[in-house]
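**Q** Prediction below, plus the sequence it came from.
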There are 4 protein chains.
Amino acid sequence: MRKIDPERQRAKRRQIIEAAGTCFARRGFHATTTAEICAAAGMSPGNLFHYFDSKNAIIEAIVEEERRDTAAYFAELGTAPDPFDALLGFLDVVMALAADETYSRLTLEIAAEAMRNPAIGALTAANDAETRAAIAALLRAAMTHGRVDADLDPEQAATWIAALIDGVFSRLAVDPSFAPEREKPMLRLIVSRFLSSRRPV
Amino acid sequence: MRKIDPERQRAKRRQIIEAAGTCFARRGFHATTTAEICAAAGMSPGNLFHYFDSKNAIIEAIVEEERRDTAAYFAELGTAPDPFDALLGFLDVVMALAADETYSRLTLEIAAEAMRNPAIGALTAANDAETRAAIAALLRAAMTHGRVDADLDPEQAATWIAALIDGVFSRLAVDPSFAPEREKPMLRLIVSRFLSSRRPV
Amino acid sequence: MRKIDPERQRAKRRQIIEAAGTCFARRGFHATTTAEICAAAGMSPGNLFHYFDSKNAIIEAIVEEERRDTAAYFAELGTAPDPFDALLGFLDVVMALAADETYSRLTLEIAAEAMRNPAIGALTAANDAETRAAIAALLRAAMTHGRVDADLDPEQAATWIAALIDGVFSRLAVDPSFAPEREKPMLRLIVSRFLSSRRPV
Amino acid sequence: MRKIDPERQRAKRRQIIEAAGTCFARRGFHATTTAEICAAAGMSPGNLFHYFDSKNAIIEAIVEEERRDTAAYFAELGTAPDPFDALLGFLDVVMALAADETYSRLTLEIAAEAMRNPAIGALTAANDAETRAAIAALLRAAMTHGRVDADLDPEQAATWIAALIDGVFSRLAVDPSFAPEREKPMLRLIVSRFLSSRRPV
DNA sequence: GATGAATGAGCCTTCATTCAT
DNA sequence: GATGAATGAAGGCTCATTCAT
């Protein structure tokens, strides 16, 4: 009398998500066929649909997972003693992720798909909103520590930091010489100067 | 017996490019069918392929045109008396373009397609390289005027300014509250603080 | 070590037949998936196929059951004192069945499937032949009582009575205002006038 | 400068309808693949969809055509001098159609599909309503001539004549010995006795 | 040059049935 | 006996592109 084993279920879904992620990163979402995903996941074409209702549902799951990971990351970061250092640390993490080709290509793929697919668009937008809120929270905390220009609007500043991060991934799509790991200090510098309270000009 | 009229030829191609651009901006490159482009351009499918060998060739032409426009813009900008002001002016132009929904969506569409399609990828990369080179040239000139931190590597700084610009377009895809026109001053501020020679902290 | 319990076996089969009948009536034979039948019968897909070799075998069983019921009904009817009244009573029973939506839809479903599926077709044809034979027998008996026009061929007349009955079910598919219960007298009238050698009214 | 030739268009559609009708009659609507229809119509799989949006649209067109034919037939019949003879003539026509195997199987196929597909169901119901109305009109006219029992409700009588006709097609599905041509007189007899106000022999 | 009909490869998904446990 | 995961064949439809006129 075998019962539904949620453990196995989840493992299978992970396996598919992993396989699909690799495929999407390699060939793009549209160009990837469900057959390819099945092959990569080592299963029959029909079986895939026991775990996901559609090809779309797979990216949705990928985005959802990314969202959970990001939320978890920020939850931890929120308790950091120095919020400004936490922010700079976050930037390093972003750059490390950007250096992972599969991750970065998948990120770009999701961004592209978000424009087309309303469901993905909504998930991505929600994900982005959460990220900006978390950054804004860090900024607010850092302001009380006097580490961030108090004249800045935290939400707006967070938006531009998010823009900068998006820009990093765009670089990867367009500029083959862009090496995230090497650029870590520069990103820190830009953000630091941006947020710094010392007057420029 | 009429000779091929290159004038007419070019006019037709423009007409198609215009129609296709609108379609791509509205529904995305993949989702746009050649039939839709034909309808928008007011011509038959057979005729479309007299002017472009393939659907791909159409975006290629769009990107190529964008490239020419950008090059022309920078050629003019290179002669500006104050290179730093020219740079800030360029940022304003970018923000104005970003505010144009058709333009911004088409830009995002091209970026997405560049990842998939090697030909588009190469064109986009070349386009981007030219842009970065032009920005770098402005930076170098501004350095001699003492308006830009001479410790910065102009190429690297240009790369990050390009990243910031890309980031603006990403914002549009993901954050419905992002209004480019309103954000102009903030972009100027970030770039100014970034480039400024006054040392923060 | 338990022996196969034929009682349980039969009970399970009935359970499946019942569930499947409801599904077929509701959504049609082709549109009903085995998964739906399983859900309705409260069992797993694997288990279903312990009791029936195929989806087809299920309707076959349904038709077979219908056949047994009909045969039993006519066996009883054959002993009726007045065969003509028995026939009219049979028509009332038909109309009562037609008023049952599940029964009528299932009947139509079986008829449709009979055209496609040779096995079902054969069963249905056999069933129909038995019904006609039974009606013909009643007619022959009624003729000896002088209640039925002796110039009619009993087999042929039975065929047309069967046609009329089929027609009732067709009405249900096509005419939403057709109410079997209300039409009982009319069916009696038509058949009576058809069969009668005397003047009606 | 070839313009859209509506003549050709219609011819192609007819060709497809014909081919599809044959296929549906032979193998049933569900079992017939679009590829088969294309093969039968002598065209490529893609081309079919220039003329019909979907497989469904093809039966819809078939039903619609049937409806037009029926309406035209009754329009002509409405002007007949003797409505009762016209009705009996109609019954002969029905029997002649029933004798055409392709026509009769297609009719049954449509009836089956009408139960499943709401669009087909609506068309079929409308078609049926028109037919009943036309028969009722004939009956009413025949009543004024004294050829039909004036105590009958024309609509109800028409309904039962329609049922009888449906029953004829059902016979074809279930009783291989049923030969429509041979049964013509019997149908006339049944309907005559049903409608007659005089005493039949 | 222009038209629109024709082509045909390919993809996502469904579902009856089988099989390992 | 029972479970539910796995199989894999098949089908409707799309759409970039070609071709006859």
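**A** Sure, I can see it.
**Q** what about stretch A:138-152, how long is it end to end?
**A** Distance across stretch A:138-152, first residue to last, is 13 Å (Cα to Cα, to the nearest Å).
**Q** Contacts for that stretch next, please.
**A** Residues outside stretch A:138-152 that contact it (Cβ atoms under 8 Å, 6 or more residues apart in numbering or on different chains) are A:77-78, A:82-84, A:86-87, A:90, A:154, A:157-158, A:195-197. Quick note: C-beta positions are derived from backbone N, CA and C, even for glycine.
**Q** for that stretch, what is the average pLDDT?
**A** Stretch A:138-152 shows a mean pLDDT of 95.
**Q** Show me which residues of it are buried.
**A** Neighbour counts over stretch A:138-152 (16 or more other Cβ atoms under 10 Å in any protein chain shown) mark A:138-143, A:147-149, A:152 as buried.
**Q** Likewise for stretch A:69-83?
**A** If you call a residue buried by 16+ other Cβ under 10 Å, then stretch A:69-83 has these buried ones: A:74, A:77, A:83.
**Q** I figured A:E130 hits A:A71, correct?
**A** Yes: contact criterion Cβ atoms under 8 Å: A:E130 and A:A71 qualify, at 6.2 Å.
**Q** Tally up the residues packed near A:S54, please.
**A** By the measure other Cβ atoms under 10 Å in any protein chain shown, the count of residues near A:S54 is 11.
**Q** Likewise for A:G167?
**A** Using other Cβ under 10 Å, A:G167 has 23 neighbouring residues.
**Q** Tell me how far it lies from chain D.
**A** 43 Å (Cβ to the nearest Cβ, to the nearest Å).
**Q** relative to helix B:154-174, how tilted is the helix or strand harbouring that residue?
**A** Element membership for A:G167 (DSSP states H and E) is helix A:154-174. Interaxial angle of helix A:154-174 relative to helix B:154-174 (axes from the mean of the first three to the mean of the last three Cα atoms, to 10 degrees): 110 degrees.
**Q** Give the buried residues for helix A:154-174.
**A** Buried, per 16+ other Cβ under 10 Å, within helix A:154-174: A:154, A:156-174.
**Q** Following element in sequence after that helix, please.
**A** For helix A:154-174, the succeeding helix or strand toward the C-terminus, using DSSP H and E, is helix A:180-195.
**Q** So for that following helix, what gets flagged as buried?
**A** Those would be A:180, A:183-184, A:186-195, for helix A:180-195 by 16+ other Cβ under 10 Å.
**Q** okay if I get those residues as JSON lines plus pLDDT and distance to DNA strand E?
**A** As requested, the buried residues of helix A:180-195 are exported to JSON lines (pLDDT from 0 to 100; distance: Cβ to the nearest atom of the strand, whole Å):
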{"residue": "A:P180", "pLDDT": "98", "distance to DNA strand E": "30"}
{"residue": "A:E183", "pLDDT": "98", "distance to DNA strand E": "35"}
{"residue": "A:K184", "pLDDT": "98", "distance to DNA strand E": "37"}
{"residue": "A:M186", "pLDDT": "98", "distance to DNA strand E": "39"}
{"residue": "A:L187", "pLDDT": "98", "distance to DNA strand E": "36"}
{"residue": "A:R188", "pLDDT": "98", "distance to DNA strand E": "41"}
{"residue": "A:L189", "pLDDT": "97", "distance to DNA strand E": "43"}
{"residue": "A:I190", "pLDDT": "97", "distance to DNA strand E": "40"}
{"residue": "A:V191", "pLDDT": "98", "distance to DNA strand E": "40"}
{"residue": "A:S192", "pLDDT": "97", "distance to DNA strand E": "45"}
{"residue": "A:R193", "pLDDT": "96", "distance to DNA strand E": "46"}
{"residue": "A:F194", "pLDDT": "97", "distance to DNA strand E": "42"}
{"residue": "A:L195", "pLDDT": "97", "distance to DNA strand E": "44"}
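**Q** And the helices in chain A?
**A** Taking DSSP state H to define them, one finds helices in chain A at A:6-27, A:34-41, A:45-51, A:55-77, A:83-99, A:101-116, A:118-144, A:154-174, A:180-195.
**Q** Keep only the buried residues of helix A:180-195 that also lie close to chain B.
**A** With Cβ under 8 Å from any Cβ of the partner chain as the criterion, the buried residues of helix A:180-195 include A:183, A:186-187, A:189-190, A:192-194 near chain B.
**Q** now, which of those residues sits nearest DNA strand F?
**A** Set against DNA strand F, the nearest of these by Cβ to the nearest atom of the strand is A:E183 (37.5 Å).
**Q** doesn't A:D92 make contact with the closest one?
**A** No: using Cβ under 8 Å, A:E183 makes no contact with A:D92, being 10.7 Å away.
**Q** Give me the nearest residue to the residue most central in space within chain A, chain neighbours excluded.
**A** Centroid-nearest residue in chain A, with Cα atoms, centre = their mean: A:E66, separated by 5.9 Å. For A:E66, ignoring the flanking residues on the chain, the nearest one in space by Cβ to Cβ, 6 or more residues apart in numbering or on different chains is A:N127 at 6.6 Å.
**Q** ok, that neighbour - how many residues close by?
**A** A total of 20 residues lie near A:N127 under the criterion other Cβ under 10 Å.
**Q** Need the pLDDT of it.
**A** 96.
**Q** nearest residue to A:I165 other than its sequence neighbours?
**A** Per Cβ to Cβ, 6+ apart, closest to A:I165 is A:V94, 5.4 Å.
**Q** Let me see the contact set for A:I62.
**A** A:I62 is in contact with A:17, A:20-21, A:24, A:106, A:110, counting by Cβ under 8 Å, 6+ apart.
**Q** Quick one: neighbours of the residue nearest to A:I165, just the number.
**A** Neighbour count for A:V94, taken as other Cβ under 10 Å: 18.
**Q** how near is it to D:F90?
**A** Applying Cβ to Cβ, to the nearest Å, the value for A:V94 to D:F90 is 81 Å.
**Q** Then A:E183?
**A** Applying Cβ to Cβ to A:E183 and D:F90 gives a distance of 87 Å.
**Q** Now do the contacts for the residue nearest to A:Q9 when sequence neighbours are not counted.
**A** Spatial nearest neighbour of A:Q9, excluding adjacent residues (Cβ to Cβ, 6+ apart): A:Y51 at 7.5 Å. By Cβ under 8 Å, 6+ apart, the contact list for A:Y51 reads A:9, A:12-13, A:16.
**Q** ok, back up a step: any chance of the ones next to chain B among the buried residues of helix A:180-195 in CSV, with distance to chain C too?
**A** Formatted as CSV, these follow (distance: Cβ to the nearest Cβ, whole Å):
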residue, distance to chain C
A:E183, 53
A:M186, 57
A:L187, 53
A:L189, 60
A:I190, 57
A:S192, 59
A:R193, 62
A:F194, 57
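**Q** Going by distance to A:A31, which of those wins?
**A** A:E183 (29.3 Å; Cβ to Cβ).
**Q** Around the residue lying closest to that closest one once chain neighbours are set aside, how many other residues sit close by?
**A** Among residues not flanking A:E183 along the chain, A:M95 sits closest, at 6.5 Å (Cβ to Cβ, 6+ apart). Neighbour count of A:M95, defined by other Cβ under 10 Å: 21.
**Q** got a list of what A:A157 touches?
**A** Contact analysis of A:A157 by Cβ under 8 Å, 6+ apart lists A:135-136, A:139, A:148, A:194-195.
**Q** how near is the closest residue to DNA strand F within chain A to chain C?
**A** Residue nearest to DNA strand F within chain A: A:G46 (1.2 Å; Cβ to the nearest atom of the strand). Separation of A:G46 from chain C (Cβ to the nearest Cβ) stands at 13 Å.
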